[in-house]
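> With the sequence up front, the predicted model follows.
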Amino acid sequence: MENLCLYKHIANNFGFRFSRILYAIQIVDCLKTIPKYQKQFQVNCEMGLKSVEQSRLLSDFLSQCGGYAVIDGGLATELERHGADLNDPLWSAKCLLTSPHLVRRVHLDYLEAGANIIISASYQATLQGFEAKGMSREEGETLLRRSVEIACEARDIYYDRATKGTWDATGNENITEKRPVLVAASVGSYGAYLADGSEYSGIYGDAVTLEALKDFHRRRVQVLAESGADLIAFETIPNKLEAKAYTELLEEEDLKIPAWFSFNSKDGTNVVSGDSISECASLADSCNQVVAVGINCTPPRFIHGLIELIQTVTTKPILLYPNSGETYDADKKEWVPTTGVAKEDFVSYVSKWVEAGASLIGGCCRTTPDTIKGIAKSLSTKAP
C-alpha cells in the first residue's frame, strides 16, 4: 500500500490526477525512463516517501486507538473554572506565564476523561503577542516550547498513574497499552492574535496579504515543529488565504512533522469568511504534510453537512471538535449562554458524525472533561 500511495503522490506532482491507482503507476513508470524527468522523479520520490511516513503516523495511531480517536475539549473553559483570569490578549496562553500548573492539570483532566490527543496552550501564544508584553524574542520562543513541554508532562504523569493501576474514566486499567496519546502543538490564526474576534469572521482587511501571514506565522511554526510535539494543529482557520499561507509555510520550511488543518464555519457550507469549505479543504488535501482535515469551534448542528462537503475533496481522515453551539460576543469577549446544547445532546451527535465519516472527535470552546468522557464512551462502542 505504501508503494501505491507513493506512485500516486509522484503522479500528482507531475500534474496528473487519476481516479485509478493503476494509471498512476503506468504514467510514473513511463516518466522515470525519460532523462529530463529523472531528477524530478527522484525529488518527488523523496517527497513522497516523507508524505507516506507522515501519513502513517496518524493511520497507525488510529489503528492503535481502535479506528477512532478522542480529541480533548475546551482549554480556556476549564482554566477559568479553576480560577484563571483570561481577560488578556494572550487568553489561555497567559497561564503559561502565571499558572502553568493549571494548564497541566487541565491536560490531565482530559486524559483521565478519555482523550487520545491533547492540544497545547499555544493557540493564542505568538511571538508578537509576547513581545507586546515586554518579553524578548528568546523568552517568547521559550514559552512556546514550554506549552508543549507541559502537555508532555501531563502525558507522562498520566502514564505513570496508569502503570500503578489507576483507572481512567473509561474503565480501562492498563492504559499504557490501550490508550496511545499524542500531543498536538496548537497554532491559532492571525485573528486570534488580534484578540478582536476576527477569527470568527476571517476578515483581516486588504493590508494583510499572503506574504504578511506567512511572515507572521513562520517563526512560531518553526519553534513548535521542533518542540517535541507529535503534530501541529492549525486551528480555527477562518479563511482560504490563511490556509494557503500555512500550506506554503509547511512546504517552504520542509518541516519534519505532520499537521492537521481545522476550519471554523457559521453556516454549514462555508468557513466564517464566506470562502467555500470545499476549496479550503482542497488546499489542505494538496499539502503532503497535512494528515487530517476538519472543523473546530463550530456549532454541532452544522457538522454533518460540513463532513459531507469535505469528503468530496479529500480522503484524508476527518477530525471534528465543535464548540457547545453557544455564540461568542466579540465586543463583550464572552460566550452567550442562552444558546448551545447540553453535554448529553452534544454526545448524541457523535454516532451520526462517525457514520458520516469522522474518525477523530472532541470538543472546543465551552466543552468540558464530562463532554469528552461521553465522547470516549460513545466511540468505544464503535471500535471493532
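Noted; the coordinates are in hand.
> going forward, measure contacts and count neighbours with C-alpha atoms only.
Will do.
> what's the helix or strand that contains V223 in contact with?
Element membership of V223, judged by DSSP states H and E, is helix 210-225. Identification of contacts with helix 210-225 by CA atoms under 8 Å, 6 or more residues apart in numbering yields 126-127, 141, 144-145, 148, 185, 187, 190, 231-232, 241-242, 244-246, 248-249, 253, 255-257.
> can you map out the strands along this protein?
All strands of the chain, identified by DSSP state E, fall at 69-70, 117-119, 182-187, 231-237, 259-263, 290-296, 318-321, 327-329, 334-336, 358-361.
> packing partners for the third one?
Spelled out, that is strand 182-187. strand 117-119, helix 137-163, helix 210-225, strand 231-237 (3 or more CA pairs under 8 Å, 6 or more residues apart in numbering; DSSP states H and E).
> Flag the shaky bits of the stretch 251-384 of the chain, pLDDT-wise.
Judged by pLDDT under 70, the stretch 251-384 of the chain has its weakly predicted residues at 326-344, 383-384.
> Pull out the buried residues from the contacts of helix 210-225.
126-127, 141, 144-145, 148, 185, 187, 190, 231-232, 241-242, 244-246, 248-249, 257 (16 or more other CA atoms under 10 Å).
> sorry, back to before: redo the strands of the chain as CSV? Include distance to P89.
Shown next, in CSV, are these (distance: least, CA to CA, whole Å):
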stretch, distance to P89
strand 69-70, 29
strand 117-119, 19
strand 182-187, 15
strand 231-237, 17
strand 259-263, 22
strand 290-296, 21
strand 318-321, 23
strand 327-329, 15
strand 334-336, 13
strand 358-361, 28
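> re earlier: quick check: buried residues in the helix holding V223?
By neighbour count on 16+ other CA under 10 Å, the buried set for helix 210-225 is L210, L213, K214, F216, H217, R218, R220, V221, Q222, L224, A225.
> Nearest to T77 among the residues you listed?
Using CA to CA, L224 comes nearest to T77 of the buried residues of helix 210-225, at 23.4 Å.
> Relative to S122, how far out is the closest one?
Using CA to CA, to the nearest Å, one gets 9 Å for the distance from L224 to S122.
> Which neighbours do those two have in common?
Common contacts of L224 and S122, defined by CA under 8 Å, 6+ apart, comprise L144, A185.
> if we can go back for a sec, just the strands of the chain: most buried one?
Greatest average neighbour count among the strands of the chain goes to strand 69-70 (a mean of 30), per mean count of other CA atoms under 10 Å.
> Run the chain-centre distance for the helix holding V223.
16 Å (CA atoms, centre = their mean, to the nearest Å).
> relative to strand 231-237, how tilted is it?
Counting by axes from the mean of the first three to the mean of the last three CA atoms, to 10 degrees, helix 210-225 lies at 140 degrees to strand 231-237.
> if you average pLDDT over helix 210-225, what comes out?
Averaged over helix 210-225, pLDDT sits at 98.
> tell me the angle of it relative to strand 182-187?
Using the same axes, to 10 degrees, helix 210-225 lies at 150 degrees relative to strand 182-187.
> May I have helix 210-225 exported as PDB, CA atoms only?
Coordinates of the C-alpha atoms in helix 210-225 are reproduced here as PDB (Å, rounded to 0.1, in the frame of the first residue of the first chain):
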ATOM      1  CA  LEU A 210      -0.400  36.100   1.900                       C
ATOM      2  CA  GLU A 211       3.200  37.000   2.500                       C
ATOM      3  CA  ALA A 212       2.300  39.000   5.600                       C
ATOM      4  CA  LEU A 213       0.500  36.000   7.100                       C
ATOM      5  CA  LYS A 214       3.500  33.700   6.300                       C
ATOM      6  CA  ASP A 215       5.900  36.200   7.900                       C
ATOM      7  CA  PHE A 216       3.600  36.400  11.000                       C
ATOM      8  CA  HIS A 217       3.400  32.600  11.500                       C
ATOM      9  CA  ARG A 218       6.800  31.400  10.200                       C
ATOM     10  CA  ARG A 219       9.000  31.500  13.300                       C
ATOM     11  CA  ARG A 220       6.200  30.300  15.700                       C
ATOM     12  CA  VAL A 221       5.600  27.300  13.400                       C
ATOM     13  CA  GLN A 222       9.400  26.600  13.200                       C
ATOM     14  CA  VAL A 223       9.700  26.600  17.000                       C
ATOM     15  CA  LEU A 224       6.600  24.400  17.600                       C
ATOM     16  CA  ALA A 225       7.800  22.000  14.900                       C
END
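> Distance of T236 relative to A84?
When distance is defined by CA to CA, T236 is 23 Å away from A84.
> Please disregard the earlier target; I meant S324.
Distance, S324 to A84, using CA to CA: 20 Å.
> Next: I117.
For I117, the distance to A84 (CA to CA) stands at 23 Å.
> now do P258
P258 is 32 Å from A84, where distance means CA to CA.
> Need the helices and strands packed on strand 182-187 in a markdown table (columns: distance to K94).
Shown next, in a markdown table, are those (distance: least, CA to CA, whole Å):
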| stretch | distance to K94 |
| --- | --- |
| strand 117-119 | 16 |
| helix 137-163 | 10 |
| helix 210-225 | 16 |
| strand 231-237 | 18 |
